[in-house]
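# Quick one, what's the 3D model for this:
(one chain, ligands or ions: 1)
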Amino acid sequence: MVSPGKTPTIALCVTGSIAAYKAVEIARLLKKAGARVIPLLTESAQKFIGSVTLSGITGEAALTNMWDPSFPGELHVDIAKRADVVVIAPATADLLARLAQGRADDLLTALALCTQSPVIVAPAMHPSMWSHPAVVRNVSTLKADGRVTFVGPDSGEVASGDVGMGRMASPETIAAAALACTETLDLKGMRIVVSAGPTVEDLDPVRFIGNRSTGKMGFAIAERAAARGASVTLVAGPVSLSTPRNVTRIDVRGALAMRDALWQTLGEQLDRADIVIMTAAVADYRPATTSNTKLKRTAAPMSLDLVPNPDLLAEIGAARKTPRPVLVGFAVETDSDDGVVALARGKLQKKRCDMVIANHAADSFGRDDNRATLVTATDAHPFGVLPKTVLADKILDHAAAKVRA
Ligand SMILES: Cc1cc2nc3c(=O)[nH]c(=O)nc-3n(C[C@H](O)[C@H](O)[C@H](O)COP(=O)(O)O)c2cc1C
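Residues are numbered from 1 along each chain as shown. Just a heads-up that it's a prediction; the model follows:
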């Protein structure tokens with residue numbers, strides 16, 4: 001675990017497998033997430049990828065030699081002290097054998113023995129190697145020792161074209177596992193419910209009324225809350241996003257279904273959540289009737305009868321009898337900055353929320369970043385343009401502070 005505000009340092013150790021090229025992508029993902037990455041290659045790994053590639057991606061010298069005369073001290077001890085996480089990806093069968101024996105005859109194995117930080121091992125090898133009794137024995141020894149965490153391998157096609165268990169887990173999975181070790185679990189014990197995405201209101205079996213929400217903001221909040229240790233339920237309208245790790249997801253379609261899912265999750269007394277964050281763009285209206293068969297085209301003009309949907313945020317605000325759960329709404333508008341804040345404050349009062357995140361439709365929908373302002377009864381705090389995951393952390397910081405107040 002890394003102290004809040006500190007940049008995590010991750011030692012990325014690469015061994016001699018064809019999958020070594022995928023370590024470059026792992027390095028890129030870790031850097032993108034804000035980590036400092038120290039690359040380390042075994043002698044065999046250098047036959048598969050150049051240390052220059054890893055140095056270039058990470059901005060750090062790639063370490064290859066325990067006996068480096070230019071380093072005044074014990075390199076493996078130094079890295080062991082600096083690395084918050086050690087990731088070995090790909091990990092060869094030979095490396096697993098050396099780890100299981102507790103050998104320390106190169107920089108990587110010496111580091112693995114020396115570190116007190118979490119060690120993540122991502123094996124990659126031919127399925128026949130992975131299922132060999134010697135490898136099975138080494139893996140079970142390492143699991144019994146409890147000093148390393150295995151990520152993968154997966155089943156699939158390996159370099160030779162054969163199919164089976166032994167393919168390295170995806171770079172995304174390995175990077176996520178490494179980053180999870182660096183999280184401060186400051187939201188552990190908190191129950192957070194997030195609504196996300198659009199709702200779509202069906203006209204007939206093939207047509208619907210919808211909106212442009214992609215769900216990215218709500219999914220980012222759910223992802224960050226879970227990564228920080230909260231227990232998270234995500235009620236999602238139709239979106240094409242994958243479920244963040246350790247998040248319970250309930251998929252819904254229309255506003256009425258979203259309302260049912262939210263109340264089932266929150267409980268009638270709203271006593272099953274500490275924070276509710278309503279990012280979903282719930283349709284204000286739905287068709288008065290939904291046809292069971294496809295509506296046919298005619299030459300005549302057509303008008304639709306729409307009925308108002310319930311206001312899900314206002315219903316929760318009105319039902320709240322105590323300061324819990326802390327209620328966060330979102331206001332997407334198309335007005336000027338001042339206008340958006342004024343509209344957000346109006347929404348805050350009318351819907352009895354603790355805070356409303358005000359943003360412009362053009363700055364928000366479908367984007368990976370957002371320009372938002374946190375509006376409370378007394379304050380307006382502009383965040384500037386931030387990646388949605390970073391904005392998610394800021395919103396969670398404010399909401400969690402309110403829970404603890
Ligand atoms: C082309 C080639 C591909 C290899 N791929 C793998 C592999 O995917 N997994 C593995 O365990 N060993 C693989 N090996 C064998 C390792 O490179 C060899 O066992 C080496 O000694 C491992 O050294 P290291 O663990 O110190 O990096 C491969 C060897 C070659 C020549």
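
# any idea which helix or strand comes after the helix or strand of the chain with the lowest mean pLDDT?
When the helices and strands of the chain are scored by mean pLDDT, DSSP states H and E, helix 361-364 comes last with a mean of 68. The helix or strand immediately downstream of helix 361-364 is strand 369-375, counting by DSSP states H and E.

# Which elements pack onto the helix or strand just after that next one?
Using DSSP H and E, the helix or strand that follows strand 369-375 towards the C-terminus is strand 380-387. Applying 3 or more Cβ pairs under 8 Å, 6 or more residues apart in numbering; DSSP states H and E, we find strand 380-387 packed against strand 369-375, helix 388-404. For every residue, glycine as well, the C-beta is placed using N, CA and C.

# wait, which of the ones you listed is closest to Ala27?
helix 388-404 (19.0 Å; Cβ to Cβ).

# List the buried residues of the closest one.
Going by neighbour count (16 or more other Cβ atoms under 10 Å), the buried part of helix 388-404 is 388-389, 391-396, 398-400, 402-403.

# swap in stretch 272-280?
Ala273, Asp274, Ile275, Val276, Ile277, Met278, Thr279, Ala280.

# Surely the last one and Gly218 touch.
In this case it means Ala280. Yes: shown here, Ala280 and Gly218 form a contact pair, counting by Cβ atoms under 8 Å, at 6.5 Å.

# quick one: common contacting residues for these two?
Common contact partners of Ala280 and Gly218 (Cβ atoms under 8 Å, 6 or more residues apart in numbering): Ser195, Ala196, Gly197, Ala236.

# Need the phi and psi values for the last one.
Note on Ala236: its backbone torsions stand at phi -120, psi 130 [degrees, to the nearest 10].

# Could I get the contacting residues of it?
Ala236 neighbours (Cβ under 8 Å, 6+ apart): Ser195, Ala196, Gly197, Gly215, Gly218, Phe219, Arg249, Ile250, Asp251, Val252, Ala280.

# Mark which of these are part of strands, please.
In strands, defined here by DSSP state E, the members of these are Ser195, Ala196, Arg249, Ile250, Asp251.

# Closest one of those to the ligand?
Within the ones in strands among the contacts of Ala236, the smallest distance to the ligand is 34.4 Å, found for Arg249 (Cβ to the nearest ligand atom).

# Spell out which residues sit in contact with the closest one, please.
Thr233, Leu234, Ala236, Thr243.

# For the third one, report the pLDDT, please.
According to the predicted model, the pLDDT of Ala236 comes to 98.

# so Met258 is in which element?
Secondary structure (DSSP H and E) places Met258 in helix 255-266.

# Buried ones in that helix, by neighbour count?
Quick answer for helix 255-266 (16+ other Cβ under 10 Å): Ala255, Met258, Arg259, Ala261, Leu262, Thr265, Leu266.

# For the nearest residue to the second one once chain neighbours are set aside, the count of nearby residues, please.
In space, and not counting its chain neighbours, Met258 is closest to Val252: 4.6 Å by Cβ to Cβ, 6 or more residues apart in numbering. As a burial measure, Val252 scores 21 neighbours (other Cβ atoms under 10 Å).
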